[in-house]
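K.L.:
I'd like to go over a predicted model; first the sequence, then the structure.
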Amino acid sequence: MTRARVTLTARDAALIALFLLVVPAVLHWRFSWIGFNPTDEGFILASSRRLLEGQVPHRDFIAIRPVGSPLLHLPEVYLGGAATLWWSRLVFWLEVSASSLAWAYAGPALLGLRPGAVTRGALALVATLLSAHYFPPMAWHTVDGLFAGAVGLVLCLAPSPAVQLAGYAALGLAPLFKQNFFTLLPVTLVVLGDARRIGAWLAGLAPLALYALALVLTGALPDAVAQLTSQTDVLGPGVRRYLWEYALPWGALVGVLAMRALAAPAPLLRASGVLALYALVAGAAVTLTQARFLGAASFGLVGAAAGATLALAAPERRGGLRFGVLALATAWTASISIGYNTPALATGPLALLLLCLARWRPAGVHDAPALGRRLLALDVLLVALTVVSFGVGRDAYVYQDRSAAQLTRPVGEVFAGGARLMTSDNTYEFLADLRTAVARAGGGPYAIVPDLAAYWITAAEVNPLPIDWTQSIELHSPALLARVTDAIAARRGRLTIIVQKVEANVLAAEIAPLPDSDHYAVVRFVRHNMRKVDDTRFFELYR
C-alpha cells in the first residue's frame, strides 16, 4: 500500500502562521467577549486549579475522565489572572483552527491531492468555522481530544519515521482528554497500514501507560477505576442516537449519488456531483443562522461522508476510503457524549472530506482546464457564506446567554477571573448576589452547589468538596454521589453550603426555580439534611 505523505515547504509557513496566529487572534478579538454561562464553563479550569494546589486527581477529587484537559490548561489558570476565562477562550480558538489546518493537510494527502495555498486556506477556514459553530469557546475535553487527534494524524503522515511515532504518541494522548478518543489510535494504525508496527503501538500506548503508572504511584488507581468507568453507555449516544436522526440517511443518499456522478463520463453529471457536495457544506453553514447548533446538519454530513466513503470502497479509490474512515471515526468519537451528543464539533473534517472529494476523479476521467477556476470561485462563495453565517450565529445565539447586543454588563465587576467578558442583566445580578452569599458565609469554609465551577479557578479558598460541578453526569454512580454527600455530612455545622435557588442554565432568559430532581441530588441532600441559616435573592445558605 502506497503511504500518503504530508511534506511542508517554505511556502507553507505563511499558511501555518495564518492559522496558528492570525485566525485565532481575530476570532478571539471578535467573539470571545460574548457571554458567560455559570454552569460548565470553567469546570476544567477549576480542576487545573486543584492540580496547582497539589491535589492528586481521582484520589483527592472526582474526575470521571482522565485529567489530560486540566493538565493542558494549567498555563491559563497559572497566568490568566483577572482575565483567566478570556485567555482560555483564545486557547479554544487556537485548538479549533490548528485542528482544521491539520486536517486540511492530512485529508488532501490521503487523496493524493495537492491544493494550492489559497484553496487549502479556504477549506481550512470553512472547517474552522463549522467545527466551532456556536459551541462556547471554553476549555473542553472533546475539543482537546480532537486537537490531539488532528495533530497526531498529520504527524503520522510525515516522511520521517520518528515524526510518525510522535504522531502516534499524540494520538495516544487523545484518550487522556476523554476515554472514547482511544478509538482513534487503532483506527489510524489500521487505516495507515501501520497495524504491524510494534513501535507505533508502543508510542501510542505510552501516554496511557504513564498515566496508569502515575495512578499507581499516587495510590489513586482504585478511585480512578471507579470514576473512569462510571459512565459506560456507548450504545445510546453512539448507536441509537444515529438510528433516529432523519438527516443521516438523506445525507448518505446524496453522498452516494454525488460520488457516482463524479465518476460519470459526462461533464454535466460530474458538475452536478461537485455542486451536490458543495451544497451539503453550504447547507450546514446556513443552519448557523438558525439556532440549531449544527445538530441535524452535522448528522447529515456524517451520512454524506459515509455514503461517499462506501462509494469509494474499491481498490483504485483507497485514498478516499482512508480519508473517509478517519473523518467518520473522528466524528463518531466526538459525538459520544451525554451532554452534547452530536458530531458537530467534528464537522470540519467531514466538510473537508466532501470538498476534497469534489476535486477527486477516477483514473481516465479528465476535466476541462477551466474547472480549477470554477472550483476556486465556489470556494470563495462558500467562504463568504460561512463567514457571514458564522458571524450572524455567534452574535445571535450565545450559549446560555442573550444575544450579543443585549450583553451590556461586565462580568469582571462581580466575578473573579471574568474580566473582559460581557453578560446579560440576570446573569450579572446572579453573580453579584453570589458575592453577597459568600460574605454571609461568615468567613468559614463554604462550598457552592450545584453550578458555578468557575468560581473556584481564582478563589482565595480551595473548594472543600471533592468536585466542583455537582450534577448527575459527573456523579453518575451511587458511590461517587455518596463520596460528595459524605464529605458534606462529615462537616455538618462547620461547613456552609451555598445552594442556588434558580437554574443557571436558563438564567439569561428567565428566573426559574431549581427543581428537586435526581440531576441535582447533592442539592436535595443538603436541603433535606442540613439547617437553613440564611438566604439571598438567588441563594440559600445551609450549615
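P.N.:
That came through, no problem.
K.L.:
What number of residues are in the vicinity of the closest residue to residue 51 other than its chain neighbours?
P.N.:
Spatial nearest neighbour of residue 51, chain neighbours left out: residue 70 (5.6 Å); criterion: C-beta to C-beta, 6 or more residues apart in numbering. Quick note: C-beta positions are derived from backbone N, CA and C, even for glycine. By the measure other C-beta atoms under 10 Å, the count of residues near residue 70 is 27.
K.L.:
distance of residue 70 from residue 465?
P.N.:
16 Å (C-beta to C-beta, to the nearest Å).
K.L.:
which one is the spatially most central residue of the chain nearest to, not counting chain neighbours?
P.N.:
In the chain, the centroid-proximal residue (C-alpha atoms, centre = their mean) is residue 143; its distance is 2.9 Å. Spatial nearest neighbour of residue 143, chain neighbours left out: residue 95 (5.5 Å); criterion: C-beta to C-beta, 6+ apart.
K.L.:
mind checking which helix or strand the one you found is in?
P.N.:
Assigned by DSSP states H and E, residue 95 falls within helix 84-111.
K.L.:
same for that helix, what does it pack against?
P.N.:
helix 23-31, helix 43-52, helix 74-80, helix 117-132, helix 141-156, helix 318-335, helix 347-357, helix 455-458 (3 or more C-beta pairs under 8 Å, 6 or more residues apart in numbering; DSSP states H and E).
K.L.:
follow-up on the earlier one: my read is that the residue nearest to residue 51 contacts residue 42, right?
P.N.:
No - checked against C-beta atoms under 8 Å, the pair residue 70 and residue 42 is beyond contact range at 11.5 Å.
K.L.:
Show me the shaky parts of this structure.
P.N.:
Within the chain, the ranges that satisfy pLDDT under 70 run 1-2, 313-317, 361-372.
K.L.:
Tell me where it has strands.
P.N.:
For the chain, the strands defined by DSSP state E occupy 409-410, 422-423, 446-449, 496-500, 532-535, 539-542.
K.L.:
now those strands in a markdown table, with mean neighbour count and distance to residue 105?
P.N.:
Formatted as a markdown table, those follow (neighbours: other C-beta atoms under 10 Å; distance: least, C-beta to C-beta, whole Å):
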| stretch | mean neighbour count | distance to residue 105 |
| --- | --- | --- |
| strand 409-410 | 18 | 40 |
| strand 422-423 | 26 | 36 |
| strand 446-449 | 23 | 45 |
| strand 496-500 | 24 | 46 |
| strand 532-535 | 14 | 57 |
| strand 539-542 | 21 | 50 |
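K.L.:
out of those, which comes closest to residue 26?
P.N.:
strand 422-423 (18.5 Å; C-beta to C-beta).
K.L.:
What is the closest one packed up against?
P.N.:
Strand 422-423 packs on strand 409-410, going by 3+ C-beta pairs under 8 Å, 6+ apart.
K.L.:
Let's see that with 10 Å instead.
P.N.:
Counting contacts by 3 or more C-beta pairs under 10 Å, 6 or more residues apart in numbering; DSSP states H and E, strand 422-423 is packed against strand 409-410, helix 425-440.
K.L.:
May I see those arranged in a markdown table, with distance to residue 522 as well?
P.N.:
As requested, those are exported to a markdown table (distance: least, C-beta to C-beta, whole Å):
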| stretch | distance to residue 522 |
| --- | --- |
| strand 409-410 | 29 |
| helix 425-440 | 17 |
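K.L.:
which one of those lies closest to residue 168?
P.N.:
Closest among the helices and strands packed on strand 422-423, using C-beta to C-beta: helix 425-440, at 43.6 Å.
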